[in-house]
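Chemist: All I have is the shape, not the residue letters:
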């Protein structure tokens, strides 16, 4: 009888309150983050700035915001890859945190594919929230959208990811997948959702510029919660009738969007970014414990032995001449990219490894920067110009000094800068200035780091960028994998070989 | 992909970020000195933020 009375009372309250809330006004709160990239701990972006971020502090801010429901907590992609706190466990730590924070939905970002489809499926199975991807074909586990009902308001959440995902991760990570345009995917979802949803939210990992274009082209979207461009939108933007928000990066801000819903429509809104730091409020203890636990695990993994070197690996003299460590890393890059040549700046390599066991931490110390592998087609003339640049500053050790693979060259110390490279062979044959060679390097040099201009010149001279369904391609680009750090490729190579003993083989020779 | 840093065109590989555009434009020293990067609508950008073809960014 007591149970019956309780059920009757609940039904009575539901009938009384729900229609009142809906017919009057329902206030919804959308909480959002994007581009966390595994930055679990607060950090200083610059020495003079205070530390920002910290996922446990962000979780604390979410707890406080949730005091007044109804709320949705959304993630706009690129959550599981980036910082070693996440990378060393292939994103598992991030999902555990997101489960503890009770996320309602997430769209996959391009970097969610970086560990390959098998790992992504494992992360999806681990997640206690849906992962969305309406414009991803060939990955049925990704839902195009979900519908949530909050106090009688039906909210559809559609997920879209940048079509450039197909060319910004290793091809094996997206084999068999196609990425349609966000515009076409959202239009299709809107047609399916007609009459089934009051409010439409697009969770977009496409970047702010693309979100603005989407809002302008596709009517009927109430809110776009964006990511990808790491944009710090302090106040919600309005394009047409679509509200666009994005919450910067690395858990340094929590986005809060308040929606006033009347008669199933957005009648008003306001919002802001809450900056997150240890100074902005208490941390969520459960999330703090998860962060600390995975920090300890990361520490253990860094101590893991991955192989052995029978010789000292010289990372000290990479700014003045050929070294065995420079040769080894350049060889790994050339082989991984399937390139004819590899060329990197000695400054990429930061320290040596003594003979004996090699740990993960050793390689992180040698290659501390988040650099990735790119291969570009250069003419022989451009390749020679790159080498000339590499040996142009010999007065003192220079980070631009090249370490190479697949080629050998002789340079004169006494000749003037720009005319020092005397002889170049590729694969044992003289360099052909007219011929194109696929040259593996890192993203830093492609961008012009350490003054290298040859890679940029090659891209510029090609002038053949093609925009295929939102995906940019160029005939000069032979390999591009922003999702795998160079140090991880080197770790994999050492693990595969178990024992290494690289020797300086005379591929770079200096004469007076 | 071509983007513009303080109206100067720079060519990059798809997938490259704000940081790469700044390196290409020789503007990383300004960031180290405390300046920030903004998009055409005045929003601050993270250095790892993705770029789009034709995008304009500004160091201020």
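Modeler: Looks like it arrived, so ask away. Note that the structure is predicted; figures quoted are calculated from it, not measured.

Chemist: Count the residues that sit near whichever residue of the stretch 251-400 of chain A sits closest to chain B.
Modeler: Among all residues of the stretch 251-400 of chain A, residue A:374 sits closest to chain B, at 6.0 Å; criterion: C-beta to the nearest C-beta. Using the backbone N, CA and C atoms, a C-beta is placed for each residue, glycine as well. Using other C-beta atoms under 10 Å in any protein chain shown, residue A:374 is surrounded by 27 other residues.

Chemist: Quick check: pLDDT value at it.
Modeler: In this model, residue A:374 is scored at 94, pLDDT.

Chemist: which sections of the stretch 201-350 of chain A are below the confidence cut-off?
Modeler: Counting by pLDDT under 70, the stretch 201-350 of chain A contains no low-confidence range.

Chemist: residue ranges of the strands in it, please?
Modeler: A:223-226, A:231-232, A:237-239, A:242-246, A:253-262, A:265-275, A:305-309, A:341-345 (DSSP state E, counting those that start in this stretch).

Chemist: Look up phi and psi at the residue of the stretch 251-400 of chain A closest to chain B.
Modeler: phi -130, psi 150 (degrees, to the nearest 10).

Chemist: same thing with residue A:46?
Modeler: Given degrees, to the nearest 10, the pair of backbone angles that residue A:46 has is phi -140, psi 150.

Chemist: Could you say which helix or strand holds residue A:64?
Modeler: Counting by DSSP states H and E, the element that carries residue A:64 is helix A:55-65.

Chemist: before we move on, back to that, now render the strands of the stretch 201-350 of chain A as TSV, adding distance to residue A:356.
Modeler: Rendered in TSV, the data for the strands of the stretch 201-350 of chain A read as follows (distance: least, C-beta to C-beta, whole Å):
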stretch	distance to residue A:356
strand A:223-226	49
strand A:231-232	46
strand A:237-239	56
strand A:242-246	48
strand A:253-262	45
strand A:265-275	46
strand A:305-309	7
strand A:341-345	25
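
Chemist: wait, doesn't the residue of the stretch 251-400 of chain A closest to chain B sit right on residue A:479?
Modeler: Yes: the pair residue A:374 and residue A:479 qualifies as a contact (C-beta atoms under 8 Å) at a distance of 6.4 Å.

Chemist: Give the burial count for the residue in the stretch 351-500 of chain A positioned nearest to chain B, as a bare number.
Modeler: Ranked by C-beta to the nearest C-beta, the top residue of the stretch 351-500 of chain A for proximity to chain B is residue A:447, at 3.9 Å. Residue A:447: 25 surrounding residues under other C-beta under 10 Å.

Chemist: From residue A:195, how far off is it?
Modeler: Distance, residue A:447 to residue A:195, using C-beta to C-beta, to the nearest Å: 49 Å.

Chemist: Check residue A:78 too.
Modeler: In terms of C-beta to C-beta, residue A:78 sits 33 Å off from residue A:195.

Chemist: Please say which of the two ends up with more neighbours.
Modeler: Taking neighbours as other C-beta under 10 Å, residue A:78 and residue A:195 compare with residue A:78 leading, 27 against 5.

Chemist: shouldn't the more buried one be in contact with residue A:112?
Modeler: Yes: Residue A:78 lies in contact with residue A:112 (C-beta under 8 Å); the separation is 6.9 Å.

Chemist: who in chain B is up against chain A?
Modeler: B:1-2, B:10-16, B:18-21, B:23-24, B:26, B:32, B:34, B:39, B:41, B:43-53, B:55 (C-beta under 8 Å from any C-beta of the partner chain).

Chemist: Please produce a ChimeraX select command covering the buried subset of the residues you listed.
Modeler: Buried residues among the residues of chain B next to chain A (16 or more other C-beta atoms under 10 Å in any protein chain shown), as a ChimeraX selection:
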select /B:1,2,10,11,12,13,14,15,16,18,19,20,21,23,24,39,43,44,45,46,47,48,49,50,51,52,55
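
Chemist: Tell me which of the residues of chain B next to chain A fall in strands.
Modeler: Within the residues of chain B next to chain A, residues falling in strands by DSSP state E are B:2, B:10, B:11, B:39, B:44, B:45.

Chemist: Name whatever forms a beta bridge with the last one.
Modeler: Meaning residue B:45. residue A:231 (DSSP bridges).

Chemist: ok, it touching residue B:56?
Modeler: No: taking contacts as C-beta under 8 Å, residue B:45 lies outside contact range of residue B:56: 11.2 Å.

Chemist: list the residues that contact both of those two?
Modeler: The overlap between the contact sets of residue B:45 and residue B:56 (C-beta atoms under 8 Å, 6 or more residues apart in numbering or on different chains) consists of residue B:39.

Chemist: mind listing the helices for chain B?
Modeler: Assigned by DSSP state H, chain B shows helices spanning B:18-25, B:28-32.

Chemist: JSON lines please, covering these and showing distance to residue A:103.
Modeler: Formatted as JSON lines, these follow (distance: least, C-beta to C-beta, whole Å):
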{"stretch": "helix B:18-25", "distance to residue A:103": "27"}
{"stretch": "helix B:28-32", "distance to residue A:103": "32"}
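
Chemist: any chance of the ones you listed in JSON lines, plus mean pLDDT and distance to residue A:258?
Modeler: JSON lines is the format used below for these (pLDDT from 0 to 100; distance: least, C-beta to C-beta, whole Å):
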{"stretch": "helix B:18-25", "mean pLDDT": "96", "distance to residue A:258": "30"}
{"stretch": "helix B:28-32", "mean pLDDT": "93", "distance to residue A:258": "34"}
